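# I'd like to go over a predicted model; first the sequence, then the structure.
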Amino acid sequence: MTNAQKWMSAFLALFLILFIIGRVTKKDEHVPHMMDENYVSQSSQQEKQELDGLSLVKQNGCLTCHGQELEGTKMAPAIVSLKENWSRDGLINYLRNPSSYSGDKRFQEYKLKYKNIVMPSYGNIDVKDLGKMADYLLTK
């Protein structure tokens with residue numbers, strides 16, 4: 001046997017030993033199956049926790065312009081006491097397409113006060129999530 005063959009045999013033997021040690025000491029991790037009851041209940045609980053109205057408001061950047069307490073800033077008006085002017089469906093429609101409300105007297109005043117600031121359209125967000133956002137905002 002040549003030196004190269006001896007080194008190759010030693011390398012393969014060491015590799016096999018390390019591989020076996022790795023398999024023996026590896027912890028058994030349970031990977032849930034999609035139809036496993038625990039997996040389904042855990043994933044639905046996580047969805048409920050992650051998708052509440054406040055989380056969606058934060059996630060979509062409302063606090064950036066309207067302030068941490070939604071009290072308004074120099075960039076955007078306060079969005080508290082919305083239930084005085086909005087119904088749930090009306091607020092959802094506004095969030096989906098704010099530019100369609102530009103003719104409203106209130107929004108004419110906002111344009112003068114908050115120049116060069118445009119309310120973004122959230123038409124790409126699921127209506128259910130917009131509903132959760134609207135429900136949250138109407139309670140403020």
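Received the coordinates, thanks.
# The helix or strand hosting Gly90 - what's its average pLDDT?
Per DSSP states H and E, Gly90 falls inside helix 88-96. For helix 88-96, the mean pLDDT works out to 91.
# would you put the C-alpha positions of that helix in CSV?
What follows is helix 88-96, C-alpha atoms only, in CSV (Å, rounded to 0.1, in the frame of the first residue of the first chain):
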residue,chain,number,x,y,z
ARG,A,88,-66.2,50.3,9.8
ASP,A,89,-66.9,49.8,6.1
GLY,A,90,-66.2,53.4,5.3
LEU,A,91,-62.8,53.2,7.1
ILE,A,92,-61.9,50.0,5.3
ASN,A,93,-62.7,51.6,1.9
TYR,A,94,-60.7,54.7,2.8
LEU,A,95,-57.7,52.5,3.8
ARG,A,96,-58.0,50.6,0.5
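# buried set for that helix?
Leu91, Ile92, Asn93, Tyr94, Leu95 (16 or more other CB atoms under 10 Å). C-beta: built from backbone N, CA, C; applies to glycine.
# Repeat that for stretch 111-126.
When burial is assessed from 16+ other CB under 10 Å, stretch 111-126 yields the following buried residues: Tyr114, Met119, Tyr122, Ile125.
# Please compute how far the helix holding Gly90 lies from its chain's middle.
Distance, stretch centre to chain centre, for helix 88-96: 20 Å (CA atoms, centre = their mean, to the nearest Å).
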